[in-house]
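[1] Sequence and predicted structure below; questions after.
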Amino acid sequence: MSASSHSFSKLAREAPARYVRLGWRTHDPNGGGSHVVWAGDWSEDPGDETILARAGQGRRVLITLDKDFGELAIIRGARHSGIVRIVGRGARDQATACLQVLTLHGDLLEAGAIVTVEPGRIRVRPPDGI
């Protein structure tokens with residue numbers, strides 16, 4: 001199992017139950033066990049705009065290493081259901097960082113916040129109107 005697969009497996013297993021509303025599922029209703037949707041499993045890359053739109057349509061928080069999603073949301077006004085950007089963390093630490101952010105800032109993410117996680121620091125951009 002690669003370090004990246006390990007991170008996503010840990011995230012799928014340990015995501016708090018409340019994230020069913022956000023798209024994080026602790027149990028797949030189709031009987032497939034826990035999971036996180038990973039765009040890397042898709043047959044082709046549809047582009048950042050489509051990935052962000054799909055996440056928003058599914059009421060899923062988008063977790064990324066790429067700053068372009070935040071730029072789409074902030075500068076271009078693209079709709080979303082929360083974005084977590086991870087900066088400077090190794091693959092094995094990414095799931096832990098995500099779980100920490102989901103636990104601490106889940107309500108803001110659910111409302112459309114953008115959260116950046118860096119070693120030793122978490123920055124939160126609240127959604128407009130909050």
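    Everything's here; your move.
[2] From now on I want contacts and neighbour counts done on CA atoms only, so please keep to that.
    OK.
[3] Quick test: name the residue nearest the centre of the protein.
    Nearest to the mean C-alpha position of the chain, by CA atoms, centre = their mean, lies I63 at 2.7 Å.
[4] these two touch, right, that residue and V87?
    No. Taking CA atoms under 8 Å as the definition, I63 is not a contact partner of V87, at 11.1 Å.
[5] burial of R123, as a residue count?
    For R123, the number of neighbouring residues by other CA atoms under 10 Å comes to 12.
[6] doesn't it fall inside a helix?
    No. Assessed by DSSP: H, G, I helix; E, B strand; the rest coil, R123 does not belong to a helix; its assignment is strand.
[7] ranges for the strands of the protein?
    Taking DSSP state E, the strands of the chain run over residues 62-64, 83-86, 114-118, 121-125.
[8] if we can go back for a sec, do you know how far the residue nearest to the centre of the chain is from G129?
    Distance of I63 to G129, computed by CA to CA, to the nearest Å: 22 Å.
[9] In terms of secondary structure, what does the longest helix anywhere in the chain contact?
    Scanning the chain for the helix with the most residues, using DSSP state H, yields helix 91-110. With contacts defined as 3 or more CA pairs under 8 Å, 6 or more residues apart in numbering; DSSP states H and E, the packing partners of helix 91-110 are helix 3-14, strand 83-86, strand 114-118.
[10] give me the beta-bridge partners of I122?
    For I122, the beta-bridge partners under DSSP bridges are V117.
[11] What is the neighbour count of it?
    With neighbours defined by other CA under 10 Å, the count for I122 comes to 15.
[12] pLDDT at it, what is it?
    With respect to pLDDT, I122 scores 94.
[13] In this structure it contacts I114, no?
    No. Look at I122 against I114 with CA under 8 Å: they stay out of range, at 10.5 Å.
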